[in-house]
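Undergrad: Sharing a sequence plus its predicted fold:
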Amino acid sequence: MKIVELYKNKQHSWVMLGRDETKPDKIIDTNQYLISHHEQAILLDPGGIELFAPMLEALVKILPLEQIKHLFASHQDPDIISSLGLWDQVLDGAKLHSPWLWEGFIRHFGMEHTKFAPIPDEGGSLNLLGLELQFIPAHYLHSSGNFNVYDPKAKILFSGDLGAALEPIDSPLFVEDFNSHISKMEYFHQRWMPSEIAKQDWIKRVRELDIEMMCPQHGRIFRGDKVTQFLDWFEQLPVGIANQTSTELDSKR
Amino acid sequence: MANNLTQLHHSLAAQTAAAADISAQLNQSRKQASLLSLSAKNLSVIAVRIGQEAAGLKVLSLFYDEFAQKSIKVSNKINQLSANIAANSVKRWRSELFQQKVEQVLCSQPQHSQDLLVRKLQLRQHSCLQLKQQTDTACQTLEGYLEELLTFMQSMQVIAINARVEAGNLPLHKAQLDDLSEKIDITTRSILDNVHACQHRMKDIK
Ligand SMILES: [Fe+2]
Ligand SMILES: [Fe+2]
């Protein structure tokens, strides 16, 4: 499991954990993120059950586990949060921030000691010892209850499945050439994202944020102008393609 | 060690499946015991209609109903117990998995062994032991209940034989009574089969 510091300013940091070489082949590779502020931390999309040991192994090197007071699950997918039943046994009384919509579903992963903190549809925020993190609505992209996390101080947006790319485990961490990266994202966004209206709505919302880094849950991180490039590309991309023929798709381009 | 754990996970999964199986079988038995109770009441009605001649049959029907009611109660208890056992094995599976992962981390990162992890590991080990003890106790009780159900059914069969004898003394009603006895016999045998299957399944739980 790679540990990469994305941002550091005194007591405030973002760490990316991912590219785990020990993961079984057929499991989709995921990026996990840890935001620390003073003596408190939040783990974003902690990952699947198979990833629990490598994640724990990485985290013990970074901080005392007691500091992880919060978990965030952007939505209900197993690659996001099926490890919950295990985190639940190690973290004392942590809070899980997740869309209200999924509470009854997520609890199936096992949740005895963790407190569920439902995020309402319109979004919300979390104060991490003075650092205000924002939960930005990203519903239907792809999950019907779904949030991003925005850190206005670090200017980083955790975008969940948005910006995701399906790539081999040894891929670079950052998007260097946007155009050559498109082929790795295209099908995922067209097939997994179901709603044109939701897409436009999200793009509009995100364009208003000051973003230096956009961090997806799969694939590479977008920095600087790559963020706008992504939004421009996504804006014109037909989504929800499962029931459309290739001729229909071509006519939309 | 990994192999032992895989085996343990398999046996916990088998335990959950076996408990669910027993619960399903006993649910079936409970429905059949309700039918038995209904048949017993029918028998009682017939005995009353016949009058003094069928006094013996009337007594038998009361016994019938009593055993049917008892069987329903015991089946319900078995159902509840097997549900508890299944829930316990899921908890144990989760806890064992946690221990396995934490031990892995403590082995590979001994220099980062945090107190919290060591503490949680001990806590889980302890709670797994407790869960195992609870399951063992539940299994013993469950076996007792199965044995009880078995005795009830055997008693039912004895009563059925007596009912047939009584019917022989009532030639006018023989056909009707024989028909009823036959029904009771079939249901009783079916419950007995269920109980035997459950007793066999208990091997996967213990
Ligand atoms: Fe997803
Ligand atoms: Fe995902």
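TA: Nice, I can see it. Ligands and ions are numbered 1, 2, ... in the order given.
Undergrad: Helix or strand: which one has the residue most central in space within chain B?
TA: Chain B has residue B:78 as the residue nearest its centroid, 3.9 Å off, counting by Cα atoms, centre = their mean. Per DSSP states H and E, residue B:78 falls inside helix B:55-108.
Undergrad: Spit out the contact partners of residue 148.
TA: As the question left the chain open, I've gone with chain A. Residues in contact with residue A:148 (Cβ atoms under 8 Å, 6 or more residues apart in numbering or on different chains) are A:74, A:135, A:136, A:138, A:157, A:158, A:159, A:160, A:162, A:206. Every residue, glycine included, has its C-beta placed from N, CA and C.
Undergrad: wrong chain, I was asking about chain B
TA: Taking Cβ under 8 Å, 6+ apart as the test, what residue B:148 contacts is residue B:74.
Undergrad: count of residues packed around residue 74?
TA: Since no chain was named, I'll use chain A. Residue A:74: 29 surrounding residues under other Cβ atoms under 10 Å in any protein chain shown.
Undergrad: Oops, wrong one, chain B.
TA: So residue B:74, with other Cβ under 10 Å, has 23 neighbours.
Undergrad: residues contacting it?
TA: Contact partners of residue B:74, counting by Cβ under 8 Å, 6+ apart, are B:145, B:148, B:149, B:152.
Undergrad: Most neighbours of all those residues, which one?
TA: residue B:149 leads those on contacts (other Cβ under 10 Å) with 26 neighbours.
Undergrad: Let me see the backbone angles for that residue.
TA: Note on residue B:149: its backbone torsions stand at phi -60, psi -40 [degrees, to the nearest 10].
Undergrad: thinking again about what came up before, look at the residue nearest to the centre of chain B and report its pLDDT.
TA: The per-residue pLDDT reported for residue B:78 equals 90.
Undergrad: show me the contacts for it.
TA: B:22, B:23, B:26, B:142, B:145, B:146, B:149, B:198.
Undergrad: and the first one, helix, strand or coil?
TA: Of the three states, residue B:22 takes helix according to DSSP: H, G, I helix; E, B strand; the rest coil.
Undergrad: Tally up the residues packed near residue A:205, please.
TA: 15.
Undergrad: Do I have it right that it meets residue A:136?
TA: Yes: the pair formed by residue A:205 and residue A:136 meets the contact definition of Cβ atoms under 8 Å, at 6.4 Å.
Undergrad: Show me which residues of the stretch 51-200 of chain A sit near ligand 2.
TA: Within the stretch 51-200 of chain A, the positions lying close to ligand 2 (Cβ under 5 Å from the ion) are A:79, A:161.
Undergrad: where along the stretch 51-200 of chain A do the helices fall?
TA: For the stretch 51-200 of chain A, applying DSSP state H, counting those that start in this stretch gives helices covering A:52-62, A:78-81, A:84-90, A:103-106, A:178-192, A:196-207.
Undergrad: Contacts only, for residue A:127.
TA: So residue A:127 contacts residue A:133 (Cβ under 8 Å, 6+ apart).
Undergrad: Return the residues of chain B in contact with chain A.
TA: B:94-95, B:97-98, B:101-102, B:104-105, B:108-109, B:112-114, B:116-117, B:120, B:124 (Cβ under 8 Å from any Cβ of the partner chain).
Undergrad: and if we set it to 10 Å?
TA: Neighbours of chain A within chain B, by Cβ under 10 Å from any Cβ of the partner chain: B:90-91, B:93-95, B:97-109, B:111-117, B:119-121, B:123-124, B:127.
Undergrad: Can you turn the buried part of the residues you listed into a PyMOL selection?
TA: Here is the PyMOL command that selects only those of the residues of chain B next to chain A that count as buried (16 or more other Cβ atoms under 10 Å in any protein chain shown):
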select buried, chain B and resi 90+91+93+94+95+97+98+99+100+101+102+104+105+106+109+112+114+117+120+121+124
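Undergrad: can you list the contacts of residue A:148 in CSV and add distance to residue B:71 and pLDDT?
TA: Shown next, in CSV, are those (distance: Cβ to Cβ, whole Å; pLDDT from 0 to 100):
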residue, distance to residue B:71, pLDDT
A:74, 52, 98
A:135, 56, 98
A:136, 60, 98
A:138, 57, 98
A:157, 64, 98
A:158, 59, 98
A:159, 60, 98
A:160, 55, 98
A:162, 59, 98
A:206, 65, 98
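Undergrad: Residue 67: neighbour count?
TA: In the absence of a named chain, chain A is used. Neighbours of residue A:67 (other Cβ under 10 Å): 17.
Undergrad: look at chain B instead
TA: Neighbours of residue B:67 (other Cβ under 10 Å): 22.
Undergrad: Hmm, it is touching residue B:151, no?
TA: Yes: between residue B:67 and residue B:151 a contact is recorded at 9.3 Å, counting by Cβ atoms under 10 Å.
Undergrad: need the contact list for residue B:23.
TA: Counting by Cβ atoms under 10 Å, 6 or more residues apart in numbering or on different chains, residue B:23 makes contact with B:78, B:79, B:80, B:81, B:82, B:83, B:84, B:85, B:86, B:198.
Undergrad: Can you tell me which of those are buried?
TA: For these, buried by 16+ other Cβ under 10 Å: B:78, B:79, B:81, B:82, B:84, B:85, B:86, B:198.
Undergrad: State the pair within the residues you listed that is farthest apart.
TA: Farthest pair in the buried ones among the contacts of residue B:23 (Cβ to Cβ) is B:84 and B:198. Separation: 15.3 Å.
Undergrad: start to end distance for stretch A:18-25?
TA: Using Cα to Cα, to the nearest Å, one end of stretch A:18-25 lies 14 Å from the other.
Undergrad: what does that stretch contact?
TA: A:1-4, A:27, A:29-33, A:47-48, A:50-51, A:53-55, A:57-58, A:167-173, A:217-219, A:221.
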